[in-house]
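**Q** can't give you the sequence, but here's the structure:
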């Protein structure tokens, strides 16, 4: 029977070391815009196919202090039928996060993946309510793969810098 180390109660971190933590200090809407440019005509029942929904996601971060970061999750989208806009929205939802005991080589992914993952459910609800308040059924955005988004942006940045292609 192999000896296994006794649990230390701190998530597997060695004795004397605090585990990595991400604390959300604040969350807030920085900017919210909802447009219903063709109302009341756009609120009439539409025959035929449903609307085409387009959504774009972006994440930006700014370091505020040695441990604190402002992370902004930007959600922008619209719904169109026959190239006519039914509604459009633009939300910048932000949070202040304190990052403690995270190794330097893991800080950027933690800020750009984990922080927006924590913000997303709140931003999703704001968009759903804004669309509903605009006279449409609420728009519940599908979950976002922030790891995939991070990798895609890293790949694009590497290509723009002329670096080797990632496999």
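**A** Sure, I can see it. Please read these numbers as outputs of a predicted model, since none were measured by experiment.

**Q** Next one: the most centrally placed residue in the chain from residue 132, what distance?
**A** Nearest to the geometric centre of the chain sits residue 116, at 3.9 Å (CA atoms, centre = their mean). Here the criterion is CB to CB, to the nearest Å. By it, residue 116 lies 23 Å from residue 132. The C-beta positions use only the backbone N, C-alpha and C, and glycine is treated the same way.

**Q** any idea of the mean pLDDT in the helix or strand encompassing residue 85?
**A** Element membership for residue 85 (DSSP states H and E) is strand 84-100. Averaged over strand 84-100, pLDDT sits at 96.

**Q** Residue 37 contacts residue 84, doesn't it?
**A** No - the criterion here is CB atoms under 8 Å, and residue 37 misses it with residue 84 at 9.0 Å.

**Q** Point to the helix or strand of the protein where mean pLDDT is at its lowest.
**A** helix 146-160 (a mean of 89; mean pLDDT, DSSP states H and E).

**Q** max-length helix in this structure?
**A** Taking DSSP state H as the criterion, the chain has its longest helix at helix 115-133.

**Q** Please name every helix or strand in contact with that one.
**A** Judged by 3 or more CB pairs under 8 Å, 6 or more residues apart in numbering; DSSP states H and E, helix 115-133 is in contact with strand 21-35, strand 68-81, strand 84-100, helix 146-160.

**Q** angle of that helix against helix 146-160?
**A** 110 degrees (axes from the mean of the first three to the mean of the last three CA atoms, to 10 degrees).

**Q** So what touches helix 115-133?
**A** Contact partners of helix 115-133, identified using CB atoms under 8 Å, 6 or more residues apart in numbering, comprise 22, 24, 27, 29, 32, 34, 59, 61, 69, 71, 73, 75, 77, 87, 89, 91, 93-95, 97, 137-141, 143-144, 146.

**Q** Perfect, I'm done here.
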